[in-house]
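S.K.: Make a model of this:
(one chain, ligands or ions: 1)
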Amino acid sequence: MSDILEKIKTYKLEEVANRKAAVPLDEVEARAKAAPPTRGFAARLSDAAREGYGLIAEIKKASPSKGLIRADFDPPVLAEAYADGGATCLSVLTDGPSFQGDDSYLTAARSAVDLPALRKDFMYDTYQVAEARALHADCILIIMASVSDAQAQELEDAAFSWGMDALIEVHDAAELERATALKSPLMGINNRNLKTFETTLDTTRTLSKLVPTDRMIVCESGLNTPEELADMARYGARTFLIGESLMRQDDVAAATRTLLANPATGMM
Ligand SMILES: O=C(O)c1ccccc1NCC(=O)[C@H](O)[C@H](O)COP(=O)(O)O
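M.R.: Modelled structure (predicted):
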């Protein structure tokens, strides 16, 4: 496993152990059961992709590869800007140590709009899945590079049991092959190599050919322009996960609108 994923896994497992000691699972489950209903993350993406593009717009203050991305950071205001600009779903970083995220950002951002939200964190334990629902998440992330097949299955089952969706993230052919054993229709191809941080859209160009036709490609990371989205659409990707390039804009709503204008029609 990569250095950064290794580091994240080490502190995340410790964080989960501390959280379990502080808030027992049955209490988290009670909060999850009391949460508002899920909003249908995968279904909204699929509907949006049929009409044009589906955008998962990410609320991301900082990252291990770029440091601080946005100082003026107000999650509900950013969520409203994304919704105003035409985003389909939100992704909200809840990891503190590497992304300056916070659990409260997810609940606050989602409650400001009508969009479904992904809890963007590093998931290893079904306790975190119940926590995600308790925070009102509609979807969780499963990074194949950082979990075993059995863990991935367990996390996906837990997500489904809470009525959530699961975005399965892959970066190479072996991970993609493992991901096809899961049921989720959402196949995220991460253009960023989490070992080196090298980001290239060639990853989607290569892996898209291996994605079964019953899966929806979510092209993730390193996307900046409408031309890049049109290029990726030619490889079958009509849904996108975008953070940094939008987070760096003064007018987030206008930038989101510009990115989504004139979606490509054909495929290669
Ligand atoms: O963004 C990072 O530096 C990073 C480092 C280590 C693990 C994950 C990381 N990013 C998570 C993501 O998947 C991105 O936030 C997401 O795809 C959006 O990417 P971008 O549009 O390039 O911000």
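
S.K.: so what's D84 up against?
M.R.: Contact analysis of D84 by Cβ atoms under 8 Å, 6 or more residues apart in numbering lists A253, T256. For the C-beta atoms, the positions are set from N, CA and C on the backbone; glycine is no exception.

S.K.: just checking, next helix/strand downstream of the helix or strand containing it?
M.R.: Element membership for D84 (DSSP states H and E) is helix 75-85. Downstream of helix 75-85, the next assigned helix or strand under DSSP H and E is strand 89-93.

S.K.: What residues of stretch 143-158 count as buried?
M.R.: Neighbour-count burial for stretch 143-158 flags I143, M144, A145, S146, V147, Q151, A152, E154, L155, E156, A158 (criterion: 16 or more other Cβ atoms under 10 Å).

S.K.: whoops, stretch 225-237 was the one
M.R.: P226, E228, L229, D231, M232, A233, Y235, G236, A237.

S.K.: Report the backbone C-alpha coordinates of it in CSV.
M.R.: Extracted as CSV, the C-alpha positions of stretch 225-237 are listed here (Å, rounded to 0.1, in the frame of the first residue of the first chain):
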residue,chain,number,x,y,z
THR,A,225,-12.2,22.4,-18.0
PRO,A,226,-15.3,21.7,-20.1
GLU,A,227,-13.0,20.3,-22.8
GLU,A,228,-11.6,17.7,-20.4
LEU,A,229,-15.1,16.6,-19.4
ALA,A,230,-16.0,16.3,-23.1
ASP,A,231,-12.8,14.3,-23.7
MET,A,232,-13.7,12.0,-20.8
ALA,A,233,-17.3,11.6,-22.1
ARG,A,234,-15.9,10.2,-25.3
TYR,A,235,-14.5,7.4,-23.1
GLY,A,236,-17.9,6.7,-21.5
ALA,A,237,-17.6,8.9,-18.4
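
S.K.: what comes into contact with it?
M.R.: 53, 189, 201, 204-205, 208-209, 211, 217-219, 223, 240, 258-264, 266-268.

S.K.: ditto for stretch 251-268
M.R.: 52-53, 55, 57, 78, 80-82, 84-87, 225-226, 229-230, 233-236, 238, 242, 245-246, 249.
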